[in-house]
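Student: Whatever this is, show me its structure:
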Amino acid sequence: MYVTRLAILDRSLVRQGHSPSAALRDTVRFARRAEELGYHRFWVSEHHSVPGVAGSAPTVLAAAVAAATTRIRVGTGGVMLPNHRPLVVAEQFGVLESLHPGRIDMGLGRSVGFTGGIRRALGHGKEAADAFGVQLAELLGYFTGAQDAHPGVHALPAEGLRPQAFVLAMGAGADVAAERGLPLVIGGGGAKLRESITRYRAAFRPSAWAARPYVMVAANVAVGESAERAALLQVPEAWATARSRTGGSFPPLMPAGDILRLEMTARERALFEEARKGQIHGTGPEVAARLHDLVELTGADEVMVTMNTYDLEERFDSYRRLATMI
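Tutor: Numbering: from 1, shown residues only. This is a model prediction of the structure:
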């Protein structure tokens, strides 16, 4: 056993020839299968006006996932707090925790809309991210009954409940997590990753939400019958990521073979290779060794994995192989 806990982040990516509604239904079905395999958590994400990504309303989708499962923890990775009013977020998670007590995770991030048009539609500019710490304090206060921003206002049924709160380490996220005494979710690699985690642990202040630092490291992981096959599983998402940086949209996932036959421009090739950096792939023993090294390097308490590919059964097979490491 190399990892004591494994979690999953699913972004409900659309596949070529399929609809966004199909992607959302696939997410719910995937969550049920992940529960059967013994995964500890299943999270969904928030993306606005991104063609190719159906996951736009994480608390709504989390409700569907929680209703379709019985044991696995369900949460958001994450709700982007600058896009919302803390009162409404507290009410939403209060409902989720009331309906599924002890199973709800409240993963929170500080990102704003990707483009000016999206930010205007959401009603929040880039500067909204700077107020993340203040918004977070208000949100948590609705659960503890100690928020001071709006005296006399109560978030029902949230008050007195404790969904597990996490902060996603985007920008100053690690510092905010330490200050508020919350578990941290962080991705990336190298010295920067280690520095952020070290700083978080050193500055952590115990709170009503967590008595000690807790680190969940995120990674893109694929397991196959061979290292070559595993690497192919990661090609569709890497290509969609590269295209999003050149064409302004995240296209539906294509079969890996079709992608590798494309005549990419030099810029597309460079972005495609960049998107593949830092990914973990290989056979079961190879991936187990890489994850062991990652946990040793970071001292992670948990690993959150994500991997999307065109073929749903191939994706599930990768997660099935990975589950043997729990």
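
Student: Show me the helices in the stretch 51-200 of the chain, by range?
Tutor: With helices called from DSSP state H, counting those that start in this stretch, the stretch 51-200 of the chain shows them at 58-68, 86-99, 116-122, 132-144, 173-180, 190-203.

Student: shaky segments in this protein?
Tutor: The chain contains residues with pLDDT under 70 at 1-3, 113-114, 171.

Student: hey, where'd the strands end up in it?
Tutor: In the chain, the strands defined using DSSP state E lie at 6-10, 41-44, 73-76, 79-80, 104-109, 164-168, 184-186, 215-223, 280-282, 302-306.

Student: Let me have these in JSON lines, adding mean neighbour count and distance to Phe204 as columns.
Tutor: Placement of C-beta: from N, CA and C, glycine included. JSON lines is the format used below for these (neighbours: other Cβ atoms under 10 Å; distance: least, Cβ to Cβ, whole Å):
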{"stretch": "strand 6-10", "mean neighbour count": "23", "distance to Phe204": "21"}
{"stretch": "strand 41-44", "mean neighbour count": "27", "distance to Phe204": "21"}
{"stretch": "strand 73-76", "mean neighbour count": "26", "distance to Phe204": "21"}
{"stretch": "strand 79-80", "mean neighbour count": "25", "distance to Phe204": "22"}
{"stretch": "strand 104-109", "mean neighbour count": "27", "distance to Phe204": "17"}
{"stretch": "strand 164-168", "mean neighbour count": "26", "distance to Phe204": "11"}
{"stretch": "strand 184-186", "mean neighbour count": "26", "distance to Phe204": "9"}
{"stretch": "strand 215-223", "mean neighbour count": "24", "distance to Phe204": "10"}
{"stretch": "strand 280-282", "mean neighbour count": "22", "distance to Phe204": "27"}
{"stretch": "strand 302-306", "mean neighbour count": "22", "distance to Phe204": "16"}
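
Student: can you list these in a markdown table and add distance to Ser207?
Tutor: Listed next are the strands of the chain as a markdown table, based on distance: least, Cβ to Cβ, whole Å:
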| stretch | distance to Ser207 |
| --- | --- |
| strand 6-10 | 22 |
| strand 41-44 | 21 |
| strand 73-76 | 18 |
| strand 79-80 | 19 |
| strand 104-109 | 14 |
| strand 164-168 | 9 |
| strand 184-186 | 13 |
| strand 215-223 | 16 |
| strand 280-282 | 32 |
| strand 302-306 | 19 |
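
Student: Quick one: closest of those strands to His124.
Tutor: strand 79-80 (9.4 Å; Cβ to Cβ).

Student: can you pull the contacts of the nearest residue to Val153 once chain neighbours are set aside?
Tutor: Using Cβ to Cβ, 6 or more residues apart in numbering and skipping the chain neighbours, the partner closest in space to Val153 is Leu87 (6.7 Å). Neighbour list for Leu87: Glu138, Tyr142, His150, Val153, Ala155 [criterion: Cβ atoms under 8 Å, 6 or more residues apart in numbering].

Student: Can you say which of those residues are buried?
Tutor: Among the contacts of Leu87, those classed as buried by 16 or more other Cβ atoms under 10 Å are Glu138, Tyr142, Ala155.

Student: Test my guess that the last one contacts Thr144.
Tutor: No - Ala155 is not in contact with Thr144 according to Cβ atoms under 8 Å; the separation is 10.6 Å.

Student: Please consider this matter closed, and thank you.
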